[in-house]
Each structure stands twice: as structure tokens, then as C-alpha cells.
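*Asks:* I'll drop the sequence and a predicted model, then ask my questions.
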Amino acid sequence: MTKTFERTIRVANIIEEGRLGGPQMRMALVASVLEKSEFKNKIDITFIFPKKDSKEFSERCDTIGIKYFLFSFSKISRNWFNIFRYLILFPVEVLMLANFLKKHSFDIVHVSGGSRHCKGIIAAKLAKIKVVWEMNDTYAPIIIRNVYFLLSGLADYFVFASYRTKSYYEKLTPKNKKNFLIQSPVNINFYDPSFEFPVEDFIKRTIEEKKIIIGTVANVSPVKDLKLFLKVVKKLSSYSNKVLFIVVGSVHNSQKNYYEQLLDNINKQGIKNFFFLGPRVDVRPLLKAMNIYVCSSMNESSPLSLLEAMAMKKAIVSTDVGDVKSFIDNGVDGFIVKNGDDNALANYLKRLIDDPKLRYNFGESARNVVKEKFDLEICVNNHLDMYHKIVNNYK
């Protein structure tokens, strides 16, 4: 960290989703380092996010000492009343947000959360503040893509969370705008497999029974393609007495129907060794207990949970999402399968179940990859460089 700052840079980091997930974790992780580093008095970050469904995110901010403001962001959904309400309140919320930004004299507005989050873009322009729009997905419905295309000219800068994200949005983004590529960070000192963690009774019994634990950390939603995961579990039914499958993550109200479909599939197929464990404040104990980590997602940009599992020396089997192919050498650091390929996923898991030495080698290699390419300091330095260039009108 060698940047020279002539004055404190005030950053408003806005996200229109209060539920704790990958983008929120990334925001908090970077800000936590800046709060404790030599740049504490040079970078002043304030988070702005919704009041609704933000208890976990608020508590995370309180724990690490990040300033935040709870805003009344309405959310769009498929319900016609909510769509009408969203459209009616949209201009009101944008004007209120613009007044807040102007009142607190921010130098930069950093809009996180992807192409679906645009209120901060318009508000920043009304407040005449430089704005950077962060993209962290690799799929958006056509209407969202069109809205992004129409509004992208308002942003001064763009930041992409992966090469695949950049490629996805490149044709919709003005070519004359400066962009940055900043991938998700992992605190390798926090995700350290050498630590001793308390073990939950359920997992402790599984370990004592010498069962292999195969798991994933993911909020339950279709994009995580847990139906594919269940297909693989069924294909591995011959290992049912030897292997336990777990999913660690929340079931939000919007995904209850999908969750019920998964439970129905489990019951109909007679699967007895697959469990949803719900969310955890600290996933490290469960990551350490896992022998194999699976990412079955349809779409990801920079899959943070997978990187955290790699830091914990887990053997990885992942679908080809985000930039996975750029940092996992297939067959050396883990296995990669085509999206939706349950046969390949099942076959690779069989190899790892039957070969403890291969699991060990993959795990050792995986942590080294994270150390080299995704260490938190790399991401923090990239953010500092970006903010510094934006304030100094870097073109």
C-alpha cells in the first residue's frame, strides 16, 4: 500500500439488497481492512443499504465497525402490486438518496450489487458526484440488460468482478468509460485450516462414523442449481452409508417454493443422507469438516464461497462458472465440469471419495492458488488504486 492521498476520500457504497450474500460480504471485507489499516484516515467509507432483511448485514457492519445508513429502498418482484409500488416510489427514493449524498459531501458513489441496482447511479448524477458501477454477475434478464444499456452512460467508471462478467457486459457498456477488474478477496489468515473449531454434534457424529462429508455453502436459489446436486446424490446412492451431503445457507422468503421442490425431490427419491443445515455466522467449522466442496451453480462471477473453501484446503469440484477455469487447473487444483453435467460431477466425486491422497493434493494446491491470486491485500490495493484514480480524474 503505497498510494499517496492528499485528503480523505469519502465513499458511499450503495447496495439495494440488505440480505447478507457474496456482494455484501465483499463490501464488508474490504471496508474492514481499510478501517484498520494505515489508510483509516484517508478513506472514509459509508454503506447505504435497505432496512428490510438487513439484520445480518447490519450486525456484520457493527461487529467490524463500519458506518452505515439504513435506507427505505423498495424492491421489485413478480407481484404486480410490488412492481407498481416500485415504479411509483422509484423517483421519490432516488431524490431522497441524491439529497443524502449531497448533504454528506461524498467524493465517490460506489454502486454495488450488479446491473439490477441503478438508483444510486441516478442519485449520484443528480448530486453531481462521480459514480462507479460494479458488476458482479454473468446473467441478467433481458429487461435488466436493457435498463443497464440505457443507464450505463450515466456511470463514470465501471468495476467488474471477473473476466467473464466483463465479457458479459462489454457490449452494453460505453467504450469510452474507464473500467477496473477487481475479483473477490479471501482473508487467508481468517480462513486458516490449521485453526481448531468447535464441532457441532451432528457433524461430530458423522466424523466419528468416518463418513466423508461433501458440501456446499450457498443460499438456496435456482441459480445455485441444487437440483443438479440432488441428481448427483442419487447417482452416488451406492455410497449412501459412507457419504453425507450438506448445504449451508439461508432459505429466503422468495425461495421457499424452490426449497419445497427440493425437499419433495428428496422425499420422492428416498434420499436419506442429504441435509440443509441453514445459515451460519461462521462457516469455517463446517468447511473444515468437509472433505469435498461442490459448486453446482449455473451462473457465478467470482464465487466467494468456493474460494473460501479452497483457502480451507478443500478438494473442489465445480461447474464452469465465473473465472473458475482461469484459477483452477483441471485435475491439478480441482475438477471442473460443464454446467448441468450431473454424470461428470458424479464421476469426479467418485474419484475423490475413493482417493484420499488426491483429496489431500487438491486441497494443498487450492490454498496456494488463493494465496497467490485472491489474498485480501490484493483486492484492497485494487480498491485503493481505483478510488485514487477516480478522485484524480484518471482516464
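*Replies:* Yes, it's here.
*Asks:* all strands of the protein, in order?
*Replies:* For the chain, the strands defined by DSSP state E occupy 9-14, 43-50, 67-71, 108-111, 130-135, 157-160, 178-181, 212-217, 243-248, 274-278, 292-295, 315-319, 335-337.
*Asks:* and the shortest one, average pLDDT?
*Replies:* If I follow you right, that is strand 335-337. Throughout strand 335-337, pLDDT has a mean value of 97.
*Asks:* same thing with the fifth one?
*Replies:* Mean pLDDT, computed over strand 130-135, is 97.
*Asks:* and the angle from that strand to strand 9-14?
*Replies:* 40 degrees (axes from the mean of the first three to the mean of the last three CA atoms, to 10 degrees).
*Asks:* possible to save the strands of the chain as CSV with mean neighbour count and distance to Leu95?
*Replies:* For every residue, glycine as well, the C-beta is placed using N, CA and C. CSV is the format used below for these (neighbours: other CB atoms under 10 Å; distance: least, CB to CB, whole Å):
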stretch, mean neighbour count, distance to Leu95
strand 9-14, 23, 15
strand 43-50, 22, 15
strand 67-71, 16, 12
strand 108-111, 26, 15
strand 130-135, 25, 16
strand 157-160, 22, 23
strand 178-181, 17, 28
strand 212-217, 23, 39
strand 243-248, 22, 40
strand 274-278, 16, 39
strand 292-295, 27, 41
strand 315-319, 27, 42
strand 335-337, 23, 47
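*Asks:* May I see those organised as JSON lines, with distance to Phe362 added?
*Replies:* JSON lines is the format used below for those (distance: least, CB to CB, whole Å):
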{"stretch": "strand 9-14", "distance to Phe362": "35"}
{"stretch": "strand 43-50", "distance to Phe362": "36"}
{"stretch": "strand 67-71", "distance to Phe362": "38"}
{"stretch": "strand 108-111", "distance to Phe362": "36"}
{"stretch": "strand 130-135", "distance to Phe362": "30"}
{"stretch": "strand 157-160", "distance to Phe362": "28"}
{"stretch": "strand 178-181", "distance to Phe362": "27"}
{"stretch": "strand 212-217", "distance to Phe362": "13"}
{"stretch": "strand 243-248", "distance to Phe362": "17"}
{"stretch": "strand 274-278", "distance to Phe362": "23"}
{"stretch": "strand 292-295", "distance to Phe362": "9"}
{"stretch": "strand 315-319", "distance to Phe362": "4"}
{"stretch": "strand 335-337", "distance to Phe362": "8"}
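*Asks:* of these, which approaches Val232 most closely?
*Replies:* Closest to Val232 of these is strand 292-295 (CB to CB; 7.8 Å).
*Asks:* so how far is that closest one from its chain's centroid?
*Replies:* 16 Å (CA atoms, centre = their mean, to the nearest Å).
*Asks:* Just name whatever secondary elements that strand is in contact with.
*Replies:* Here strand 292-295 touches strand 212-217, helix 304-311, strand 315-319, helix 342-354, going by 3 or more CB pairs under 8 Å, 6 or more residues apart in numbering; DSSP states H and E.
*Asks:* one more time with 6 Å, if that's ok
*Replies:* strand 315-319 (3 or more CB pairs under 6 Å, 6 or more residues apart in numbering; DSSP states H and E).
*Asks:* model confidence over the strand it packs on, on average?
*Replies:* The model assigns strand 315-319 a mean pLDDT of 97.
*Asks:* which residues sit against that strand?
*Replies:* With contacts defined as CB atoms under 6 Å, 6 or more residues apart in numbering, strand 315-319 is touched by 292-297, 324, 334-337, 339, 348-349, 352, 359, 362-363, 366.
*Asks:* cool, stretch 331-343 as well?
*Replies:* 228, 231-232, 298, 316-320, 324, 328, 330, 344-345, 348, 362, 365-366, 369.
*Asks:* Is it possible to mark the buried ones in those?
*Replies:* 228, 231-232, 298, 316-320, 324, 328, 344-345, 348, 362, 365-366, 369 (16 or more other CB atoms under 10 Å).
*Asks:* Asp192 - how many residues pack around it?
*Replies:* 14 (other CB atoms under 10 Å).
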